[in-house]
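Undergrad: Provide a 3D model corresponding to the input given below.
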Amino acid sequence: MADKRKKVLVTDPISEEGIEVLLKEAQVDIKTTLKPEEIIAVIGDYDALMVRSQTKVTAAIIEAGKKLQVIARAGVGIDNVDVEAATRCGVMVVNAPTGNTVSAAEHAIALMLASARNIPQANASLKSCQWKRNDFMGTELRGKTLGIMGLGNVGGEVARRAQSFEMRLIGIDPLVSEDYAKKIGVELVDLKQLMKESDFISLHIPLNTQTRGIIGAKEIAMAKPNLRIINCARGGLIDEKELVKAIHEKRMAGAAIDVFEKEPCTESILFAEPNIIVTPHLGASTAEAQVLAARDVAEQIADVFKGLPARAAINMPYIPAETLAALKPYVTLATTLCKLVYSLAEGQSKAIRIKYNGDIAGYDTNLIKAAVVSGLLYGATDERVNIVNAGVLAAKRGLTIVEEKEATCANYASLLTVEITTTKGVWTVAGTIMHNEAHIVRINDYWLDIVPTPGAYFLFSDHQDRPGFIGAVGKITGDANVNISSMHLGRLKPRGQALLVLSLDEPLPDKAQQQILALPDVLSVKLVAL
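TA: Got it, this is the predicted structure:
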């Protein structure tokens, strides 16, 4: 009699423990040598596809999988899965976001110890038959300051382990609460203080436009000469040329790097510097991590087959076409509003309030809520935020999310408002959709109308309204050879507090921003790319 159970295709080596879980629920075929065209030829027979990082799950593969219900990535990253194509085809994508947390944290600690005690260098020296104890004088971790950039899953585990070394812990992560940071023993600081005070820095943030090159020449210039940097997060976070230069010139003591922008990496300027330790992306390379990840996604596949929700779904579940059509522009608007409020707000986040006015209040707004949390956590986590995990991820970071709905709206058909409360105050932004176009219509107490044009830069200046101010700002931008494409002014009353918003064709240099800030009665100047 033919096996009527669901079928799972496994195309990468997966831990046996994960396979055993699947065999209880489905028929499993393990084919780890298939080429892309061979996968396309057979995937139509399968209900699930299980991979690690080797198989590239392209749109062509997904579209050929007419029976596919779920694609499972036995690991954290999903770079090798076309999530958009999966969503478009109604295929759920799941991963194991915490499977390698402890392994990655332990590897960061191991690299920190290896750098502090010159272990790889001493090993190589002795194996070349040289006894040079005096060449490898190290330093203790006890009493030193560890700066942790990113306090998510891995950063939090690094903090917990570093406490056992009696280290002082400081960290940056704008989207964790002070209570959460205190719970894991971390004092929250800004980047400048972290660079100045740290003896060791460990990176645990994603790579994106906001974080690329976050440690560059300016930041390295602030560092102590005994600083050692550990990167088990993503390549591209550190300016490698400046890092090598600083270590070579003894302005920094060393570094330990596990990740590279392009992998596999067999050539790098890092390799020639003896005080830089390198490993080939070993953060998740433990037997335990592979078992946990395989078992995690296998259990999720089994849940999906039973009609249960997956606990780590990457993309959204099915939404009726008519509902999605109404919500889609507001999802994009929500992300834009959150990038803006994230850029304008100061202090540590405590609570998020989302308010829906008008027509939009009549829909199930979980998708918009997920977009809000995703927009706020952009730059702070590698985990993709969706309907399934938005509340969980926010709660893990000590953030409270409140939603309010009102069927009425005074001036618009629908209005979406996002308010973030921090340790330094409350920041509010609101927007709407008009003629299928996003409009930002409120920033704090100011009502205006800004169209967030892709590729444009926006300069926000909070100031006291007075004659000649706009002309003075225009002269500064003109002298900097930066073109203003549009201008918006909101004010509370004549000659009272006001907000000037300039849409610029290119970013305004720091020097010009400082010149505007130096004008009389200017309270703040911020440049934002939306």
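Undergrad: give me every residue that touches residue 265.
TA: 235, 280 (C-beta atoms under 8 Å, 6 or more residues apart in numbering). In short, each C-beta sits where N, CA and C put it, glycine included.
Undergrad: Would you agree it falls within a strand?
TA: No. Checked against DSSP: H, G, I helix; E, B strand; the rest coil, residue 265 lies outside a strand; its state is coil.
Undergrad: Next, find the distance separating it from residue 240.
TA: To residue 240, residue 265 is 11 Å away according to C-beta to C-beta, to the nearest Å.
Undergrad: What of residue 35?
TA: 34 Å.
Undergrad: How about residue 512?
TA: Residue 512 sits 29 Å away from residue 240, going by C-beta to C-beta.
Undergrad: and residue 35 and residue 240? which has more neighbours close in?
TA: residue 240 (20 against 8; other C-beta atoms under 10 Å).
Undergrad: doesn't residue 269 make contact with the more buried one?
TA: Yes. Counting by C-beta atoms under 8 Å, residue 269 is a contact partner of residue 240 at 5.9 Å.
Undergrad: for the stretch 51-200 of the chain, what spans make up the strands?
TA: Using DSSP state E, counting those that start in this stretch, the strands of the stretch 51-200 of the chain run over 70-73, 92-95, 145-149, 168-172, 187-188, 200-203.
Undergrad: for the ones you listed, which one ends up most surrounded?
TA: Burial of those is given as mean neighbour count (mean count of other C-beta atoms under 10 Å); strand 70-73 ranks first at a mean of 28.
Undergrad: To which secondary structure element is the closest residue to residue 371 other than its chain neighbours assigned?
TA: Of all residues not flanking residue 371 in the chain, residue 334 sits nearest, at 3.9 Å (C-beta to C-beta, 6 or more residues apart in numbering). Taking DSSP states H and E as the definition, residue 334 sits inside helix 321-344.
Undergrad: rewinding a little: let me know which of the strands of the stretch 51-200 of the chain is the nearest to residue 474.
TA: strand 168-172 (35.3 Å; C-beta to C-beta).
Undergrad: elements contacting that closest one?
TA: Packing partners of strand 168-172 (3 or more C-beta pairs under 8 Å, 6 or more residues apart in numbering; DSSP states H and E): strand 145-149, helix 153-163, strand 187-188, helix 191-197.
Undergrad: Can you list the helices and strands that the third one packs against?
TA: I take that to be strand 187-188. Contact partners of strand 187-188 among helices and strands, from 3+ C-beta pairs under 8 Å, 6+ apart: strand 168-172, helix 178-183.
Undergrad: Just the residues contacting that strand, thanks.
TA: 168-173, 176, 178, 181, 348.
Undergrad: Ok, the last one next?
TA: Contacts of helix 191-197 from elsewhere in the structure, counted by C-beta under 8 Å, 6+ apart, are 145, 147, 149, 170-172, 189, 201, 214-215, 219-220, 222-224.
Undergrad: Which of these sits closest to residue 325?
TA: residue 214 (38.1 Å).
Undergrad: Tell me how far the closest residue to the closest one other than its chain neighbours lies from residue 512.
TA: Spatial nearest neighbour of residue 214, chain neighbours left out: residue 237 (5.5 Å); criterion: C-beta to C-beta, 6+ apart. Note on residue 237: its distance to residue 512, by C-beta to C-beta, is 27 Å.
Undergrad: How about residue 92?
TA: Where residue 512 is concerned, residue 92 sits at a distance of 48 Å (C-beta to C-beta).
Undergrad: now swap in residue 53 and tell me
TA: Distance from residue 53 to residue 512, counting by C-beta to C-beta: 44 Å.
Undergrad: And residue 261, by the same measure?
TA: Residue 261 is 31 Å from residue 512, by C-beta to C-beta.
Undergrad: Between these two, which is the more surrounded one?
TA: Taking other C-beta under 10 Å, residue 261 and residue 512 do not tie; residue 512 has more neighbours (21 against 13).
Undergrad: Please pull out the lowest mean pLDDT helix or strand from the chain.
TA: helix 390-396 (a mean of 74; mean pLDDT, DSSP states H and E).
Undergrad: could you point out which element follows that helix?
TA: Counting by DSSP H and E, what follows helix 390-396 is strand 400-406.
Undergrad: other SSEs contacting that following strand?
TA: With contacts taken as 3+ C-beta pairs under 8 Å, 6+ apart, strand 400-406 sits against strand 349-358, helix 366-377, helix 390-396.
Undergrad: circling back: wait, isn't the residue nearest to residue 371 in contact with residue 376?
TA: No. With contact defined as C-beta under 8 Å, residue 334 does not count as touching residue 376 (9.8 Å).
Undergrad: Who are the contact partners of the residue nearest to residue 284 when sequence neighbours are not counted?
TA: In space, residue 284 comes closest to residue 100 once its chain neighbours are excluded; the distance is 3.6 Å by C-beta to C-beta, 6+ apart. By C-beta under 8 Å, 6+ apart, the contact list for residue 100 reads 75-76, 283-284, 286, 289, 292-293.
Undergrad: hmm, try it at 10 Å
TA: Neighbouring residues of residue 100 by C-beta atoms under 10 Å, 6 or more residues apart in numbering: 75-77, 107, 153-154, 283-286, 288-290, 292-293.
Undergrad: do you know how far it is from residue 58?
TA: Residue 100 is 24 Å from residue 58, where distance means C-beta to C-beta.
Undergrad: Same check on residue 368?
TA: Per C-beta to C-beta, residue 368 is found 30 Å from residue 58.
Undergrad: again with residue 371
TA: Taking C-beta to C-beta, one finds residue 371 at 26 Å from residue 58.
Undergrad: and what of residue 443?
TA: To residue 58, residue 443 is 41 Å away according to C-beta to C-beta.
Undergrad: between residue 240 and residue 269, what contacts are shared?
TA: Taking C-beta under 10 Å, 6+ apart as the criterion, residue 240 and residue 269 both touch residue 276.
Undergrad: Compare neighbour counts for residue 443 and residue 58 and give me the winner.
TA: Remark: of residue 443 and residue 58, residue 443 carries more neighbours, 24 against 16, as counted by other C-beta under 10 Å.
Undergrad: Looking at the more buried one now. What's its pLDDT?
TA: At residue 443, the model reports a pLDDT of 95.
Undergrad: so is the closest residue to it other than its chain neighbours in a helix, a strand, or just coil?
TA: Leaving aside its chain neighbours, residue 443 sits nearest to residue 429 (5.6 Å; criterion: C-beta to C-beta, 6+ apart). State at residue 429, reduced to three classes by three-state DSSP: strand.
Undergrad: mind checking how far residue 429 is from residue 95?
TA: 31 Å.
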